[in-house]
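>>> What would the 3D arrangement of this be:
(one chain, ligands or ions: 1)
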Amino acid sequence: MARVALVTGGSRGIGAAISKALQAQGCVVAATYAGNDEAAAKFTAETGIKTYKWNVGDYDESAAGIAKVEADLGPIDIVVANAGITRDAMFHRMTPQQWKEVIDTNLTGVFNTVHPVWNGMRDRKFGRVVVISSINGQKGQAGQVNYAATKAGDLGIVKSLAQEGARFGITANAVCPGYIATEMVMAIDESVREKIIKGIPAGRLGEPEEIARCVAFLAADDAGFINGSTIAANGAQFFV
Ligand code: NDP
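Next up is the predicted model:
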């Protein structure tokens, strides 16, 4: 039987590449998004992948959305918590609103995405949880106290979930992308982006497909002993 995969933020950017990679691996995929109906409709037309709209920051919306996906496609075997946002500002200028929006989406959003599928995975003795963290969760980043806090928190989530899920056949792992050529990164001021690229030994931004490759690997049936791990895909952008 084909595995059912849920990818949050799965209709654009890195998430779209993940949705397509899982589909190519034989999964039936549901991709979620927040509000960009046009991108979602285009994605469904191109790939045949069903899209669903809800705010990952809201538990009730997430639980209802996940129930709808499961009614349509069957129990979810693979969940990829990918939806994320930035609200960058130096700490002395960061507003409580900027802090809250990022925490709600990137950190609480992971809870809201995984929690409603967790008991089903335990009952069925199989699950693959992959959370998209970030290099900036590993090393910190000036101007991203909020974002780095959530992405570091994601690593704590997967390490803990791995320990709870292992005896139920559930794995939980994180992927930490470096700088990837999506709208999120292309929105950075060009001069800043050029500087960032100079700091990447690979001499270029990563491609969404290069992150999707990591996720497809972790989501495979025969990846069951890879649990609580972090895969860094960042063009050798080492940090201390
Ligand atoms: P994009 O901005 O290109 O896409 C974000 C996706 O998340 C969209 O589908 C968007 O929906 C969805 N989304 C945003 N907020 C919500 C929400 N509240 N509820 C539901 N869906 C939401 O992002 P990227 O592809 O660049 O990033 C994907 C993930 O990878 C993020 O977690 C990001 O932090 C992480 N990452 C990205 C890096 C990069 O260089 N790009 C580097 C390291 C990590 P909609 O289309 O409706 O707006």
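
>>> residue closest to the middle of this protein?
Centroid check for the chain by C-alpha atoms, centre = their mean gives residue 82 as the closest residue, at 1.7 Å.

>>> Would you mind measuring from that residue to residue 13?
According to C-beta to C-beta, to the nearest Å, residue 82 stands 9 Å off from residue 13. Yep, even glycine has a C-beta here, placed from its N, CA and C like the rest.

>>> Let me see the contact set for the residue nearest to the centre of the chain.
7, 8, 9, 10, 14, 15, 18, 132 (C-beta atoms under 8 Å, 6 or more residues apart in numbering).

>>> Helices of this protein, residue ranges please.
13-24, 37-47, 59-73, 96-102, 109-124, 135-139, 145-165, 183-186, 190-198, 208-219 (DSSP state H).

>>> Of all those, which one comes closest to residue 88?
The closest of the helices of the chain to residue 88 is helix 145-165. By C-beta to C-beta, the value is 7.0 Å.

>>> picking up where we left off before, just the buried residues of the contacts of residue 82.
With neighbours counted using 16 or more other C-beta atoms under 10 Å, these contain these buried positions: 7, 8, 9, 10, 14, 15, 18, 132.

>>> Would you mind measuring from the closest residue to residue 58 other than its chain neighbours to residue 200?
Spatial nearest neighbour of residue 58, excluding adjacent residues (C-beta to C-beta, 6 or more residues apart in numbering): residue 112 at 7.0 Å. As judged by C-beta to C-beta, residue 112 and residue 200 stand 32 Å apart.

>>> out of those two, which sits in the more crowded spot?
residue 112 (26 against 17; other C-beta atoms under 10 Å).

>>> Kindly provide the distance from that one to the ligand.
9 Å (C-beta to the nearest ligand atom, to the nearest Å).

>>> That residue contacts residue 64, doesn't it?
No: taking C-beta atoms under 8 Å as the definition, residue 112 is not a contact partner of residue 64, at 11.0 Å.

>>> With the ligand in mind, check whether the helix or strand of the chain with the lowest mean pLDDT reaches it.
Least confident helix or strand, the chain: helix 183-186 with a mean of 88, by mean pLDDT, DSSP states H and E. Yes: interface with the ligand: helix 183-186 contributes 183, 184, 185 (C-beta under 6 Å from any ligand atom).

>>> Right, I'll call it a day here.
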